[in-house]
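1. Quick one, structure for this:
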Amino acid sequence: MSENHSHPNTTPTTGTEPGSSRRWAGLAALVVALLTVGLDLMVLNVALPTLAQDLGASTTQLQWIVNAYTLVFAALMLPAGGFGDRYGRKRLLLAGLVAFVAASAWAAFSGSTGSLIAARAVMGIGAAIIVPLSLGILPTLFGPDQRRRAIAVWVGALGVGLPLGPIVGGWLLQHFWWGSVFLINVPVGVAALVACAVLLPESVDPHAPPLDRLG
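-> Now for the predicted structure:
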């Protein structure tokens with residue numbers, strides 16, 4: 001007989017809760033996805049001088065290369081969480097990972113600043129989905145006794161990626177071309193995508209309020 005430790009507002013659609021080892025493996029998959037997002041928030045900073053030289057980017061264009069990601073990321077996090085509650089957190093998380101991986105490959109091989117800015121905006125969409133949905137899945141995986149520990153791991157994964165970004169970016173630029181700071185997201189993101197698809201249960205919030213379409 002399965003044991004349901006789900007959050008009161010979280011309904012797993014699989015009907016069963018993952019076993020102990022499987023739920024921690026699912027958390028590991030979420031950690032990999034979050035590390036990618038955390039790295040990408042900071043990794044570009046060290047590449048800006050190279051982008052200015054190789055792409056002939058102006059100061060304004062460099063600002064948009066950075067801000068296209070962060071603005072979209074910040075603006076869409078709350079709507080993404082709401083859509084996940086209504087239509088399935090795992091389903092939307094996987095869509096976010098696909099968008100992030102595809103846009104990372106697009107950014108790596110962009111031949112102009114306009115293309116790179118557009119790719120960065122799509123990466124922001126993917127990141128805005130990954131962060132809230134990965135947190136929303138935790139109550140499905142863990143009961144109240146383990147949830148705080150899991151959330152601490154989740155926060156730590158996002159926090160570790162931020163200081164690692166400039167370090168990883170500097171190493172990549174020293175050994176490869178500027179596109180490598182984006183291309184590194186592809187194998188990591190694909191690994192996270194496969195792991196999340198296999199290990200995570202689907203869940204929705206049956207008490208989610210009606211969608212505020214005008215808002």
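
2. Count the residues that sit near L39.
-> By other C-beta atoms under 10 Å, 24 other residues sit near L39. From N, CA and C alone the C-beta is placed, and that goes for glycine too.

3. Next: F100.
-> What F100 shows, counting by other C-beta under 10 Å, is a neighbour count of 28.

4. what's the longest helix seen in the chain packed up against?
-> Secondary structure assigned by DSSP state H gives helix 144-175 as the longest helix of the chain. Taking 3 or more C-beta pairs under 8 Å, 6 or more residues apart in numbering; DSSP states H and E as contact, the helices and strands that helix 144-175 lies on are helix 20-43, helix 113-141, helix 180-183.

5. I65: which of those helices is closest?
-> I65 sits nearest to helix 113-141 of all these, at 5.6 Å, using C-beta to C-beta.

6. Against which helices or strands is the closest one packed?
-> With contacts taken as 3+ C-beta pairs under 8 Å, 6+ apart, helix 113-141 sits against helix 20-43, helix 59-87, helix 89-108, helix 144-175, strand 203-204.

7. Would you mind giving the helices and strands packed on helix 144-175 as CSV with mean pLDDT and distance to A192 added?
-> Converted to CSV, these look like this (pLDDT from 0 to 100; distance: least, C-beta to C-beta, whole Å):
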stretch, mean pLDDT, distance to A192
helix 20-43, 81, 4
helix 113-141, 90, 9
helix 180-183, 88, 15
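
8. Distance to S203 added to those helices, as a markdown table?
-> Formatted as a markdown table, those follow (distance: least, C-beta to C-beta, whole Å):
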| stretch | distance to S203 |
| --- | --- |
| helix 20-43 | 12 |
| helix 113-141 | 4 |
| helix 180-183 | 31 |
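
9. what does stretch 39-56 contact?
-> 57-58, 61-62, 65-66, 69-70, 73, 104, 110, 112-113, 116, 123, 127, 161-166, 168-170, 173, 177-178, 181-182, 184-185 (C-beta atoms under 8 Å, 6 or more residues apart in numbering).

10. ok, of those residues, which come out buried?
-> Taking 16 or more other C-beta atoms under 10 Å as the criterion, what is buried in the contacts of stretch 39-56 is 57, 61-62, 65, 69, 73, 104, 110, 113, 116, 123, 127, 161, 165-166, 168-169, 173, 178, 181-182, 184-185.
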